[in-house]
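Colleague: Prediction below, plus the sequence it came from.
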Amino acid sequence: MLSNIFDTHAHYSGSEFDEDREDLLKSLPERGVRYITLASASVGDSVKNSELCTKYDYIFSAVGVHPESVGEAPEDYRETLTELIKNNNKIRAVGEIGLDYHYDDFDSELQKKFFREQTELALELDMPIIVHSRDAVADTLEILKKYRPRGVVHCFSGSAETAKEVIKMGMYIGFTGVLTFKNAKKAISALEQVPLDRLLLETDCPYMAPVPFRGKRCDSSMIVYTAERAAEVKGVTVQEILDITCENAMRFYGISQVEL
């Protein structure tokens, strides 16, 4: 059985897991999952994830406000995030944060304000950030180049050229089940530019399930299909990809050997 799976970006607080969350999370270590990091989309989600990660030794968390949630965030959101981080040593990043210009009703200035503020918070607390960027490459890179945070651009959907820019800043790049899709040429081209020591794997579950589960609810065990495609592209074995990306993620999130 494959082992050392580190799902670096998951959303287990979502309602999609309400019926079987506990049973599923208890079962994942038996299916090769070594660690999971929960990503947060709002202040409320951050609170839920902070509580959830304390229940399982192998689960860590990030806290933050997603660009699509900035309009609903309370004025004191940074204070709340700071308190969560300071009171829970299993919170290892600020995220997911960033920019999303995909839908017509986005407020780019408000999104950039929150992106800058949360990046500054991460720098103040010496934490990495998890970056969400959709249809906003230029503005995302501008902010990242200004602040130079430690971080990962998750669910990478950019070009090979953008991947090179991210790597130049010393950041990591995370790939999802998109690598397994038939129309994944852009993602594959980007992956080819990512050195093995800057590569992370994620599910973004319950979304982005890889082939052959596309369209279904995703969970961390399915990351092996993404690993298979990544291993093929990189010319290594699947277990080597899992070992390398687990080591990368432990380094990124500051996780030492934890007794499960």
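Modeller: Looks like it arrived, so ask away.

Colleague: just checking, residue 149 touches residue 126?
Modeller: No. Checked against CB atoms under 8 Å, the pair residue 149 and residue 126 is beyond contact range at 10.2 Å. All C-beta spots, glycine's among them, are computed from the backbone N, C-alpha and C.

Colleague: pLDDT on stretch 231-239, on average?
Modeller: For stretch 231-239, the mean pLDDT works out to 98.

Colleague: Give me the contact list for it.
Modeller: 2-4, 179, 188, 191-192, 196, 224, 227-228, 240-241, 244 (CB atoms under 8 Å, 6 or more residues apart in numbering).

Colleague: My guess is residue 181 contacts residue 211. True?
Modeller: Yes. Applying CB under 8 Å as the test, residue 181 and residue 211 come out as touching, 6.5 Å apart.

Colleague: Mind jotting down where the helices sit in the stretch 101-250 of the chain?
Modeller: 108-124, 137-147, 160-168, 185-192, 223-234, 238-253 (DSSP state H, counting those that start in this stretch).

Colleague: Turn these into a markdown table, including distance to residue 75 and mean neighbour count.
Modeller: Formatted as a markdown table, the helices of the stretch 101-250 of the chain follow (distance: least, CB to CB, whole Å; neighbours: other CB atoms under 10 Å):
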| stretch | distance to residue 75 | mean neighbour count |
| --- | --- | --- |
| helix 108-124 | 11 | 18 |
| helix 137-147 | 22 | 16 |
| helix 160-168 | 32 | 17 |
| helix 185-192 | 38 | 17 |
| helix 223-234 | 38 | 21 |
| helix 238-253 | 29 | 20 |
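
Colleague: What is the burial count for residue 30?
Modeller: Other residues lying near residue 30 total 9 when counted by other CB atoms under 10 Å.

Colleague: Check the gap between it and residue 8 for me.
Modeller: Distance, residue 30 to residue 8, by CB to CB, to the nearest Å: 20 Å.

Colleague: again, but for residue 208
Modeller: Taking CB to CB, one finds residue 208 at 13 Å from residue 8.
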